[in-house]
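> model this:
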Amino acid sequence: MISVRGLSKSFGGQKVLDGLDLDVARGEILAVMGPSGTGKSVLLLHLIGLMAPDAGEIYIDGINVTRLKERELLKFRRQVGYLFQDSALYDFMTVEENLSFPLKEHTRLKANEIKAKVEAFLKMVDMAGAGSKYPSELSGGMRKRAALARALVLGSKVLLCDEPTSGLDPIRSRDISMLIRDLSRQHGCTTVITTHDVRNAFRSADSAVVLCQGRAVGRGSEQALRGLTDPFVKEFLE
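Sure, this is the predicted structure:
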């Protein structure tokens, strides 16, 4: 489903991604782990075509994302749900309006159909009845839930989550991790989650890859990764 080959990116002479190779099978939930500055978020921005690589190629469902022109990228991005680290809800819109916006822009659904779909997705993330609230009236966990519903409302088959547990307490972190797992399964999404939260990464993901200096230094299940002798992987997981 997702194939990354030789992906490299530098900023001001500092290499953030260094010939990264990565594959994600259809329907797989993959956690991309590593400390800050290892290229996790930069990888996601490349996957959605918001950043162009210095070298390498990315294929998603057979489409070479790195070769798409701007108009083609706009069409492609409608198929990808993106959960931003800070949720990125429009603060001047209610929760219902935030979810309705992409449906109004990219579908021909009637107003009553949009309302019904929004209500269904809010119920799916345990936010039934919260549609009239503004983001400023929500807790951090509720903002993440609303943003997750918005990321999936167009029927995305690829879901990209950037540090979804950032800023949440342990209980809310656990809950959002399990919700991402459950909704990915329910909707058949191929999901990539960037995180430095080891415990919750394995709650969500089928497998994980550890990045170090822009390269993958370990890949597999929790048990497989904990069995590796690479000193960086061992230190990071502990």
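
> quick check: Val125 vs Asn98, distance?
To Asn98, Val125 is 12 Å away according to CB to CB, to the nearest Å. (Each C-beta comes from the backbone N, C-alpha and C, glycine too.)

> okay, those two: which has more neighbours?
Between Val125 and Asn98, counted using other CB atoms under 10 Å, Asn98 has the larger neighbour count: 25 against 21.

> what residues are up against that one?
Counting by CB atoms under 8 Å, 6 or more residues apart in numbering, Asn98 makes contact with Leu89, Tyr90, Pro135, Ala146, Arg150.

> what about the helices in the chain?
Remark: helices assigned in the chain by DSSP state H are 40-47, 70-77, 95-106, 111-124, 140-152, 170-187, 198-204, 222-226, 231-237.

> who are the contact partners of Leu68?
The contact partners of Leu68, by CB under 8 Å, 6+ apart, come to Gly49, Phe76.

> so what's Thr165 closest to, chain neighbours aside?
Spatial nearest neighbour of Thr165, chain neighbours left out: Ser173 (3.8 Å); criterion: CB to CB, 6 or more residues apart in numbering.

> the one you found: neighbouring residues, count only.
For Ser173, the neighbour count with other CB under 10 Å is 21.

> any shared contact partners between Val125 and Asn98?
Residues within reach of Val125 and of Asn98 at once, by CB under 8 Å, 6+ apart, are Ala146.

> pLDDT score for Arg78?
pLDDT recorded at Arg78 is 88.

> hang on, it packs against Leu154?
Yes: if you go by CB atoms under 8 Å, Arg78 and Leu154 touch, sitting 6.1 Å apart.

> more crowded one of the two?
Legend: neighbour count by other CB under 10 Å for Arg78 and Leu154, higher for Leu154 (19 against 14).

> ok, the more buried one to Phe121 distance?
Taken as CB to CB, the span from Leu154 to Phe121 is 10 Å.

> same question for Glu97.
Between Glu97 and Phe121 the distance, using CB to CB, works out to 13 Å.

> between the two, tell me which one has more neighbours.
Ranked by neighbour count (other CB under 10 Å), Glu97 and Phe121 place Phe121 first, with 20 against 16.

> and the closest residue to that one other than its chain neighbours, how many neighbours?
Sequence neighbours aside, Ala149 is the residue nearest to Phe121 in space, at 4.3 Å (criterion: CB to CB, 6+ apart). Neighbourhood size, Ala149 [other CB under 10 Å]: 25.

> wait, isn't Ala149 in contact with Ser100?
No: using CB under 8 Å, Ala149 is not in contact with Ser100, being 11.2 Å away.

> number of nearby residues for Thr195?
Neighbour count for Thr195, taken as other CB under 10 Å: 24.

> residues contacting it?
Each residue near Thr195 by CB under 8 Å, 6+ apart is listed here: Ala31, Val32, Met33, Lys40, Glu163, Pro164, Thr165, Ala201.

> skipping adjacent residues, who's closest to His187 in space?
Nearest one to His187, counting by CB to CB, 6+ apart, is Leu152 at 6.0 Å.

> wait, doesn't the one you found sit right on Phe121?
Yes: counting by CB under 8 Å, Phe121 is a contact partner of Leu152 at 6.8 Å.

> for this protein, what are the low-confidence residue spans?
Scanning the chain for pLDDT under 70 picks out no residues.

> tell me the domain ranges of it?
2-79+159-237, 91-155 (automatic domain parsing).

> looking at the ones you listed, which is nearest to Gln85?
Nearest to Gln85 among these is domain 2-79+159-237 (4.4 Å), distances taken as CB to CB.
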